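Q: what's the 3D shape of this:
(chains A and B)
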Amino acid sequence: MTEMNMIQSLNSALDSLLTKHDNVVIFGEDVGYFGGVFRVTAGLQEKHGDHRVFDAPLAEGGIAAIAFGMGLNGLRPVAEIQFADYIFPAYDQIVNEIAKLRHRSGGEFSTPVTFRTPAGGGIKGGHHHSQSPESQFTHTPGLKVVYCSNPTNAKGLLTSAIECNDPVIFFEPKRCYRGPFYGDPHNVPTWKGHPEGDVPDGYFSMPLEQANIVREGSACTVISWGTMVHVAQKGIEESGIDAELIDLQTLLPWDRDTVVESVIKTGRVVIVHEAPKTSGFGAEMSASIQERCFWHLESPILRVTGWDTPFPHTTEWDYLPSPARIAAAIKKTQEA
Amino acid sequence: MTEGIQATIEPYAVPTAPFRPGDTADFGGPWIEQPGDLNRPDISCDSAETQPHANGLIRVLNDEHHASGEWNPNLDAAQLIRGLELMMTLRIYDDRMIKMQRTGKLSFYMRSLGEEAIAIAQTMALDDTDWIFPSYRQPGAQFVRGRDMVSMICHCIGNTEDNIRGRQMPVHYSWKEGYFISISSPVGTQFSQAVGVAMASAYKGDDQATITWLGDGTSAQGDFHYGLNFASVFKPPVILNVVNNQWAISTHRNTATGGKNFAARGLSYGIPSFRVDGNDFLALYSVTKWARERARAGLGATYIESYTYRAGGHSSSDDPSIYRPGDEGDHWPGGDPINRLKSHLISIGAWSEEKDEELAEKIGDKVMAAYKEACKFGDLANGPYPPASTIFTEVYETVPWHVQEQREELGK
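A: Below is the predicted model:
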């Protein structure tokens, strides 16, 4: 085990896979010599060679199409989209092509592409460096969608994503690259000393499609992913209520069994995500939970989310779900 | 899964930058291309006539700061001094903003360092009501059009007087009065949008032209090709520019294209194409004037590559010493655009070091006064910000019920 922040653990995952599999290649904007604007690929080109870790021209649509082709022809490409907000020029290639290749070729062809992309707010990035577009991809059959939240699951899940034979969109909460974020921009710890900051060395994988129960509780089930896992943890503390916290980790296909089991136990649900509310992934979960758990529910399922507006720059703390908003929602579930 | 792939020799070309930290940059000495090498074709010319211009380098100022050749725009001293003042204003303004960024008064900043001539000279060559679709390094166009500096700073520091209400990162200026459209961080989108604006101008017959820029790196985006192709097909009054400053963050221009240069790509679209010394104020002005005349005559688009050097980091978040030699810029043969115009003015007896210092001081005072005035309305470090209610407004023309409900839920 080594103490790592999320940047180091992602780098470690990529390093171990480049070592283990000859057919893993990494490319994207500024990922080669420079090692990425967030330094996730630092040192990998030097260690593994120019043709395995290289800069792409600035063209996300091109990057996705090249990944499609490489993956189809025996490689295992890991493409970085510099910010999740930049993924939309690649949307056609991902949604119409990569996601559907296996199905529309009758299973004859497939392409095991992984897109890594930093997502989410909290860095004063305005709307083009802060969005969390997971639901644009959870609405796409054929993709798997993963959202890590700490150094350990970042490494373990990225390893499984790359080894997965289906295409995966892998979201990295950039606010948490260097430390967990509990909703207070003036008090930002590092990963040092955090239990999930102690990361297995070498090759390490964690299963996709499994949620993680971060905190056990009996009075309410709080479900989240990415940065909001930590904000929700703080919200639970502030509420003083014995809530269970589930880090979903994989959004598509999601671990419904773990969620249903928890909701049957608690009878109350708060879903927290930073993306806008309308058609956010919380809506899908809420619908599924009521289908399975309707007779166990003691109160309406609540969502605490980003607003249905573009992501702001100066006022981002009024946009992102705060511990206070989450605590209020948890308390509200107890009223019924 | 195909394991055991052995790629022992370079399986495909992976370009790298010619110079990396530790190397001594060598751009091959002074430019071979000289003023007077290339003629100034008629504005009705066919793209094929510009083949030498797309593969050469249009210059007006030589290395001794003398202006000559058919492309000399023969500007009078007052116009040249105005150009100098605007470029100096941009640089001094940038210096102030980067200092403010370091103190947290704004979150992020991008300077135009070394590329000041592009925004200033090219905008000066336009009509005042022409549309501007900039990339990150053309905020200087606003100075040409007389935008209030206090207003510009208020945007960057995201205070209560930011005309776009703290919604965008710094340097994403938007200014209706100046026909200046905000850049977009997922770069390149402006390039083809500008063609649409120009088509609307042609439709309305309003004699407005549109200018747009993107960087060498961004020319890899689909939008670059969409823009050139639509401009080629519909021939609207648009001026399409690639600023080749050698670097896109850490990515050298040789990763943006495997071709020799950027200007020649326009020829295959049938658009007159010019490669211009991007640090030569006079050449930039002159070529843009040509393109504007062509637009006015209803003859269609012009495509221009400005050959220059990004003298600073990509942004305040960037540390170029990681990926290029720290002194690479010192070896750039193209010089500094401000020094070159200043030296030219001195050589024709229209300027002096004393006048230059005096002007720099005057601009410095103006920038400092604007900065102090802007800070009265708040800054990113200390607030106040635009009210949180602005999150919910102008999402739509009128606020729909679901957004209104959320605003009430926030309670601000």
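
Q: what number of residues lie near the nearest residue to residue A:253 once chain neighbours are set aside?
A: Among residues not flanking residue A:253 along the chain, residue A:209 sits closest, at 5.4 Å (C-beta to C-beta, 6 or more residues apart in numbering or on different chains). The way it works is simple: take the backbone N, C-alpha and C, and place the C-beta from them, glycine included. Residue neighbour count, defined by other C-beta atoms under 10 Å in any protein chain shown, stands at 17 for residue A:209.

Q: how close does residue A:209 sit to chain B?
A: Residue A:209 is 20 Å from chain B, where distance means C-beta to the nearest C-beta, to the nearest Å.

Q: ok, now which ones touch the residue lying closest to residue B:272 once chain neighbours are set aside?
A: Among residues not flanking residue B:272 along the chain, residue B:50 sits closest, at 4.5 Å (C-beta to C-beta, 6+ apart). Neighbouring residues of residue B:50 by C-beta atoms under 8 Å, 6 or more residues apart in numbering or on different chains: B:41, B:267, B:272, B:273, B:274.

Q: Quick check: residue B:50 is in a helix.
A: Yes: under DSSP: H, G, I helix; E, B strand; the rest coil, residue B:50 falls within a helix.

Q: okay, it: pLDDT?
A: In this model, residue B:50 is scored at 98, pLDDT.

Q: for the one 5 residues further on, same thing?
A: pLDDT, the model's per-residue confidence, is 97 for residue B:55.

Q: What does it show for phi and psi?
A: phi -100, psi -10 (degrees, to the nearest 10).

Q: which residues touch the nearest residue to it once chain neighbours are set aside?
A: Take residue B:55 and drop its neighbours on the chain: the residue closest to it by C-beta to C-beta, 6+ apart is residue B:264, 5.7 Å away. Listed by C-beta under 8 Å, 6+ apart, the contact partners of residue B:264 are B:51, B:54, B:55, B:273, B:275.

Q: In PyMOL, how would I select just the buried ones from these?
A: Per 16 or more other C-beta atoms under 10 Å in any protein chain shown, the buried members of the contacts of residue B:264 correspond to this PyMOL selection:
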select buried, chain B and resi 54+273+275
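
Q: now the residue nearest to residue B:272: how far from residue B:123?
A: 23 Å (C-beta to C-beta, to the nearest Å).

Q: got it, and residue A:32?
A: Distance from residue A:32 to residue B:123, by C-beta to C-beta: 35 Å.

Q: try residue A:289
A: Using C-beta to C-beta, we find residue A:289 at a distance of 57 Å from residue B:123.

Q: With residue B:204 instead?
A: Here residue B:204 is placed at a distance of 22 Å from residue B:123 (C-beta to C-beta).

Q: How about the contacts made by residue A:119?
A: A:83, A:84, A:131, A:132, A:133, A:134, A:147, A:171, A:172, A:173, A:174, A:226 are the contacts of residue A:119 under C-beta under 8 Å, 6+ apart.

Q: higher neighbour count, residue B:204 and residue B:123?
A: Using other C-beta under 10 Å as the criterion, residue B:204 and residue B:123 rank with residue B:123 on top: 25 against 9.

Q: What is the subsequent helix or strand relative to the helix or strand hosting the more buried one?
A: Per DSSP states H and E: residue B:123 is located in helix B:116-124. Remark: after helix B:116-124, the chain's next helix or strand is strand B:131-133, criterion DSSP H and E.

Q: now that following strand: how far from the chain's centre is it?
A: With C-alpha atoms, centre = their mean, to the nearest Å as the basis, strand B:131-133 stands 11 Å off its chain's centre.

Q: again with stretch A:246-260
A: For stretch A:246-260 - counting by C-alpha atoms, centre = their mean - the centre lies 12 Å from the chain centre.

Q: same deal with stretch B:390-401?
A: With C-alpha atoms, centre = their mean, you get 32 Å for stretch B:390-401.

Q: does any bit of that stretch sit next to chain A?
A: Yes: contact of stretch B:390-401 with chain A (C-beta under 8 Å from any C-beta of the partner chain) involves B:390, B:391, B:392, B:395.

Q: Could you export these as JSON lines, including neighbour count and pLDDT?
A: Formatted as JSON lines, these follow (neighbours: other C-beta atoms under 10 Å in any protein chain shown; pLDDT from 0 to 100):
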{"residue": "B:390", "neighbour count": "21", "pLDDT": "96"}
{"residue": "B:391", "neighbour count": "28", "pLDDT": "97"}
{"residue": "B:392", "neighbour count": "22", "pLDDT": "97"}
{"residue": "B:395", "neighbour count": "14", "pLDDT": "97"}
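
Q: what does the stretch 51-200 of chain A put close to chain B?
A: Checking the stretch 51-200 of chain A against chain B by C-beta under 8 Å from any C-beta, the hits are A:51-52, A:54-62, A:74-76, A:83, A:85-86, A:88-89, A:112, A:124-129, A:165.

Q: ok, of these, which come out buried?
A: For those, buried by 16+ other C-beta under 10 Å: A:51-52, A:54-62, A:75-76, A:83, A:85-86, A:88-89, A:112, A:124-129.

Q: residues in contact with residue A:173?
A: If you count contacts by C-beta under 8 Å, 6+ apart, residue A:173 has them with A:118, A:119, A:120, A:147, A:148, A:149, A:226, A:227.

Q: if we take the residues you listed, which one ends up nearest to residue B:83?
A: Nearest to residue B:83 among the contacts of residue A:173, counting by C-beta to C-beta, is residue A:118 at 40.8 Å.

Q: Assumed that closest one was part of a strand.
A: Yes: the assignment for residue A:118 is a strand, going by three-state DSSP.

Q: And for it, nearest residue in space, chain neighbours not counted?
A: residue A:174 (3.9 Å).

Q: and the one you found, how many neighbours does it have?
A: Based on other C-beta under 10 Å, the number of other residues close to residue A:174 is 26.

Q: And for the one 10 residues further on?
A: Residues within reach of residue A:184, counting by other C-beta under 10 Å, total 13.

Q: Let me see the backbone angles for it.
A: The phi/psi pair for residue A:184 (degrees, to the nearest 10) is phi -110, psi 100.

Q: With residue A:235 as the reference, measure out to it.
A: 12 Å.

Q: shared neighbours of the two, anything?
A: residue A:323.

Q: which residues of chain B score low on pLDDT?
A: Applying pLDDT under 70 to chain B flags the ranges B:1-9.

Q: Which segments of it make up each domain?
A: B:47-313+B:327-381, B:384-412 (automatic domain parsing).

Q: Could you tell me the end-to-end distance of the last one?
A: Spelled out, that is domain B:384-412. Start-to-end span of domain B:384-412 (C-alpha to C-alpha, to the nearest Å) is 14 Å.

Q: cool, stretch A:273-292 as well?
A: 21 Å.

Q: I'd like to know how far residue B:318 sits from residue B:188.
A: Counting by C-beta to C-beta, the gap from residue B:318 to residue B:188 is 19 Å.

Q: Neighbour count for those two, which is higher?
A: The neighbour comparison of residue B:318 against residue B:188 (other C-beta under 10 Å) goes to residue B:188, with 28 against 19.
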